[in-house]
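K.L.:
I'll drop the sequence and a predicted model, then ask my questions.
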Amino acid sequence: MRFALSVVFCALAGCSSTPELPVQPPAPTKADAVTDLGKDLDKTDHRVGAALVAIERNADKPKVVVAESRLAQSYLPVPPEQDVLFSMARAAKGDELDYKKQMAFGRQLAAAVNKAWERLEADQSEAKRVSDLKDKRIAELTEKIKQGEKDIWTMAGVALAVIGGVVTALVGPRTGIPLLLCGGAIGAFPFVVDSPYWNYIAGGTLGVACLLGLYLLWDYVRDKANEDTPKN
């Protein structure tokens, strides 16, 4: 009981000494989720921007203006009707001051969107870093647990081997040697389980146990038959 408590306290002490993991931002941990979307958005923005440049440079060609306008619209979602009416009213008014105000608003909005996108990319990078730290911590704790289990099996095997040695010296090898063998088997158990040949070892052990059981049964039946055989 004291040994078990000491193991628990040591484990708790070890866990408390490990540094805390940083908070993971609510963002995808795979770079592709952000990178691919960013590439698609950039392509859309570039195509729309290029079409608008073509419209400006061909303002004297109505057919080109209409064709490029329709092409630019194909890369964008359908705007709400109220926004269309707002733009039509602005175009009908033709006030240069209104255009300057809308251009300033557009630049501010584009800057805010770019800043938010940069923040998203930073959060994604941090989320990936923290996720990798968590995976590493899980692997380390799993390895510690496995090592602790191996140590317990080893200590149990050593203790049983010591008891077997004492029993061999005091009682006799017939009782002590099986304890020694059991101690060795217990100590080797975790290493055998982790071995790639575990299936073969387990199958062979089970087969030997079955053969030993059949032999003991046959020996018991033979002895019973000899006891029931009348002596001359």
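P.N.:
Arrived safely, thanks for sending.
K.L.:
Please verify my assumption that residue 130 contacts residue 124.
P.N.:
No: contact between residue 130 and residue 124 fails when scored by Cβ atoms under 8 Å: they sit 11.0 Å apart. Any C-beta I mention is one placed from the backbone N, CA and C, and that applies to glycine too.
K.L.:
quick one: which of the two has more around it?
P.N.:
Neighbour count, other Cβ atoms under 10 Å: between residue 130 and residue 124, residue 124 has more, with 20 against 16.
K.L.:
so which helix or strand takes in the more buried one?
P.N.:
Per DSSP states H and E, residue 124 falls inside helix 96-170.
K.L.:
Next: residue 23.
P.N.:
Using DSSP H and E, residue 23 sits within no helix or strand.
K.L.:
Ok, residue 91 next?
P.N.:
helix 81-93.
K.L.:
The nearest residue to residue 69 once chain neighbours are set aside sits in which helix or strand?
P.N.:
Nearest residue to residue 69, sequence neighbours excluded (Cβ to Cβ, 6 or more residues apart in numbering): residue 55, at 6.2 Å. Residue 55 is located in helix 31-57, with elements delineated by DSSP H and E.
K.L.:
From the contact counts, what lies against that helix?
P.N.:
helix 62-74, helix 96-170 (3 or more Cβ pairs under 8 Å, 6 or more residues apart in numbering; DSSP states H and E).
K.L.:
rank the ones you listed by mean pLDDT and give me the bottom one.
P.N.:
Lowest mean pLDDT within these: helix 96-170, at a mean of 86.
K.L.:
Where does residue 77 sit: helix, strand or coil?
P.N.:
With DSSP: H, G, I helix; E, B strand; the rest coil as the basis, residue 77 sits in coil.
K.L.:
so what's it scoring on pLDDT?
P.N.:
Per-residue pLDDT puts residue 77 at 86.
K.L.:
What separation is there between it and residue 144?
P.N.:
The gap separating residue 77 from residue 144 is 53 Å, by Cβ to Cβ, to the nearest Å.
K.L.:
my guess is residue 55 meets residue 67, correct?
P.N.:
No: in this structure residue 55 lies outside contact range of residue 67 using Cβ under 8 Å: 9.3 Å.
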